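S.K.: what's the 3D shape of this:
(one chain, ligands or ions: 1)
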Amino acid sequence: MPEPNARQTVYCILQDIQRYDTYSDVALNRWLKKVELNALDRGLVTELVYGITRKQRLLDALISQLARKPLEKQPRDLRIIFSIGLYQLRYLDNIPGGTVVYTSVELAKQNGLQALSGVVNGVLRQYMRSREKGDPLKLPDSVPQRLALSHSYPDWIVEQWLTQLPEAETEQLCEWFNRPPSIDLRVNIQQSSLEEVETALSEQDIATQRLPHSPQGLRLMEKVGALHQLPGFEQGWWTVQDGSAQLVSYLLDPQPGEVIIDACAAPGGKSTHIAELMGDTGRVIACDLHRSRVKRIIHNIQRLQLTSIRTRVDDIRQIKDLTGKGDRVLVDAPCSGLGTLHRHADGRWRQTPELVEELSQLQQELLNAAAAWVKPGGILVYSTCTLHPHENERVATQFLNTHPEWQISPEIPSFATPFLTPEGFLKVWPHQHQMDGFFMVAFNYAG
Ligand SMILES: C[S@@+](CC[C@H](N)C(=O)[O-])C[C@H]1O[C@@H](n2cnc3c(N)ncnc32)[C@H](O)[C@@H]1O
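M.R.: Okay, the predicted model is just below:
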């Protein structure tokens with residue numbers, strides 16, 4: 001392998017992603033551990049890998065428009081070099097065009113594409129020339145395709161959003177998910193307080209802002225390095241959890257001494273929040289299908305020094321002994337993650353309408369199974385971090401249609417008003433509320 005520098009590292013990472021379908025974060029972390037780069041170069045590698053992964057559709061369209069041969073007739077590794085060059089020219093204003101062309105041509109020479117280095121030079125220079133007359137990217141007329149291409153999403157995702165939002169808002173949402181994600185903390189009120197965490201962070205010059213809807217929430221206002229090195233992490237003063245995910249436990253509203261069952265609990269973000277809200281009294285039963293993921297719950301419980309949570313590895317559809325045992329039950333279901341696309345650079349390319357339908361079926365089964373665990377008079381909360389109605393509104397409506405003894409809880413907590421839909425569900429839209437996309441609903445058992 002040629003000498004590792006930032007762009008060569010990006011090339012190797014994108015090759016791994018392309019050849020072995022590796023997740024972008026997995027490939028990035030593996031390579032960043034392997035090569036020695038300074039902080040500036042690590043930042044550039046991260047920006048290029050995530051940025052190119054997100055913008056691959058747009059970059060492919062540019063390559064097809066600028067190169068003589070269609071994309072599928074070019075060597076696969078050439079696409080990587082074009083992408084690295086074009087992404088820098090289009091999005092990284094601080095890197096001079098000449099540097100981008102030179103380093104891209106060098107990449108071609110060093111990676112067995114010597115014969116094509118002239119093509120790399122030609123395509124990148126052509127992009128720079130045509131940009132002087134306007135955007136070289138040609139866009140289709142149809143609204144969904146235009147939005148999908150110009151913000152680099154698959155058509156079906158944008159088409160889906162357009163069924164729920166006006167065009168201008170859909171565009172805002174597309175832009176929102178292309179921005180770097182913010183990081184929110186949830187303060188563990190058993191071990192610390194908002195004020196204590198704010199002070200400890202500000203002593204290290206880390207600015208925070210309180211979250212308007214989450215009483216335990218703080219947003220980090222600038223980029224920080226390794227989160228586990230921040231003050232209070234080892235002592236269990238806080239957990240990383242987005243503001244919208246924090247709302248779920250408030251909707252569940254657990255009371256001290258109650259029995260709460262968290263049906264899909266790993267890695268324990270909501271189970272631990274529930275235990276904190278109950279003052280670590282009563283019992284939280286945290287179930288999950290995967291043993292490896294349950295280990296992560298246990299790890300989090302230990303760090304947060306909570307004693308009221310018991311874990312259980314099981315497919316919740318097979319569990320019989322919890323029937324009628326829960327005062328409140330949470331189903332934070334596995335989902336397509338379409339509300340957290342800003343956190344997963346390849347999320348938009350990995351999901352498909354078919355997978356959404358499979359998930360919708362599974363979600364229905366999980367909700368039906370967990371409903372049997374609620375005591376008469378109890379509460380059942382269903383939540384997801386997706387914005388697809390087939391995983392949200394449709395699952396909830398189908399549940400109500402097939403379970404006449406359940407209704408949407410008529411008591412709407414005051415924090416919930418901004419998110420309330422006409423049907424009585426709560427939906428957090430990122431471009432409106434500046435948080436991850438989330439769906440949640442509380443049901444009352446009247447039986
Ligand atoms: C969205 S995640 C839960 C996140 C968690 N509530 C939190 O806040 O940290 C969904 C979880 O459902 C689990 N799961 C999927 N199918 C399941 C099943 N049949 N039974 C139990 N858990 C399941 C997955 O392993 C995954 O950990």
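S.K.: how much space between Thr421 and the ligand?
M.R.: 21 Å (CB to the nearest ligand atom, to the nearest Å). All C-beta spots, glycine's among them, are computed from the backbone N, C-alpha and C.
S.K.: residues in contact with Gly279?
M.R.: 190, 256 (CB atoms under 8 Å, 6 or more residues apart in numbering).
S.K.: next one: the one 4 residues further on
M.R.: Listed by CB under 8 Å, 6+ apart, the contact set of Arg283 reads 258-260, 308, 310.
S.K.: Ala61 should be in a helix, yeah?
M.R.: Yes. Ala61: assigned to a helix according to DSSP: H, G, I helix; E, B strand; the rest coil.
S.K.: So for it, what's the nearest residue that isn't a sequence neighbour?
M.R.: Leu149 (6.0 Å; CB to CB, 6 or more residues apart in numbering).
S.K.: Ramachandran angles for Ala286?
M.R.: Per-residue torsions, Ala286: phi -100, psi 110 (degrees, to the nearest 10).
S.K.: circling back: go through the contacts of Arg283 and name the one nearest the ligand.
M.R.: The ligand lies nearest to Ile260 out of the contacts of Arg283, by CB to the nearest ligand atom, at 12.2 Å.
S.K.: Most proximal residue of the stretch 51-200 of the chain with respect to the ligand?
M.R.: Nearest residue of the stretch 51-200 of the chain to the ligand: Arg186, at 10.6 Å (CB to the nearest ligand atom).
S.K.: How about the stretch 101-250 of the chain?
M.R.: Ala245 (6.1 Å).
S.K.: same question, the stretch 1-150 of the chain
M.R.: Tyr23 (16.1 Å).
S.K.: Hmm, Thr53 and that residue touching each other?
M.R.: No. Tyr23 is not in contact with Thr53 according to CB atoms under 8 Å; the separation is 9.7 Å.
S.K.: picking that back up, now do the contacts for the residue nearest to Ala61.
M.R.: 57-58, 61, 137, 139-140.
S.K.: Buried subset of those residues, written for ChimeraX?
M.R.: With 16 or more other CB atoms under 10 Å as the burial test, the buried ones among these are selected in ChimeraX as follows:
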select :57,58,61,137
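S.K.: Out of the contacts of Leu149, which is nearest to Glu411?
M.R.: In terms of CB to CB, no member of those lies closer to Glu411 than Arg57, at 44.5 Å.
S.K.: Which parts of the stretch 251-400 of the chain are helices?
M.R.: 269-277, 291-304, 347-350, 353-371, 393-402 (DSSP state H, counting those that start in this stretch).
S.K.: Deepest in the core, which of those is it.
M.R.: helix 269-277 (a mean of 26; mean count of other CB atoms under 10 Å).
S.K.: Give me the angle between that helix and helix 291-304.
M.R.: Counting by axes from the mean of the first three to the mean of the last three CA atoms, to 10 degrees, helix 269-277 lies at 30 degrees to helix 291-304.
S.K.: now helix 269-277, how far from the centre of its chain.
M.R.: Per CA atoms, centre = their mean, to the nearest Å, the displacement of helix 269-277 from the mean C-alpha position of its chain is 20 Å.
S.K.: do that helix and the ligand meet at all?
M.R.: Yes. Using CB under 6 Å from any ligand atom, we find that helix 269-277 touches the ligand at 269-270.
S.K.: Quick one: mean pLDDT for that helix?
M.R.: Mean pLDDT, helix 269-277: 98.
S.K.: Can you give the contact residues for that helix?
M.R.: By CB under 8 Å, 6+ apart, helix 269-277 touches 186, 188-190, 216, 239, 241, 245-246, 248-250, 252, 254, 260, 262, 265, 284, 286, 297, 300-301, 304, 306, 308-309, 330, 332.
S.K.: And the residue of the stretch 301-447 of the chain that's closest to the ligand?
M.R.: Asp332 (3.5 Å).
S.K.: backbone phi and psi for the residue of the stretch 51-200 of the chain closest to the ligand, please?
M.R.: Taking degrees, to the nearest 10, you get phi -120, psi 120 for the backbone angles of Arg186.
S.K.: What of the one 10 residues further on?
M.R.: Backbone torsions of Glu196, given as degrees, to the nearest 10, read phi -60, psi -40.
S.K.: coming back round to it: give me the nearest residue to the residue of the stretch 1-150 of the chain closest to the ligand, chain neighbours excluded.
M.R.: Asp346 (6.3 Å).
S.K.: what do you get for Leu44?
M.R.: Ala6 (4.7 Å).
S.K.: now swap in Ala333 and tell me
M.R.: Nearest non-adjacent residue to Ala333, counting by CB to CB, 6+ apart: Gln363, 4.5 Å away.
S.K.: isn't that neighbour right up against Arg317?
M.R.: No. The pair Gln363 / Arg317 is not scored as a contact, 11.6 Å apart, by CB under 8 Å.
S.K.: before we move on, the earlier item: for the residue nearest to Tyr23, what are its contacts?
M.R.: Residues 17, 23-24, 53 are the ones in contact with Asp346 under the rule CB under 8 Å, 6+ apart.
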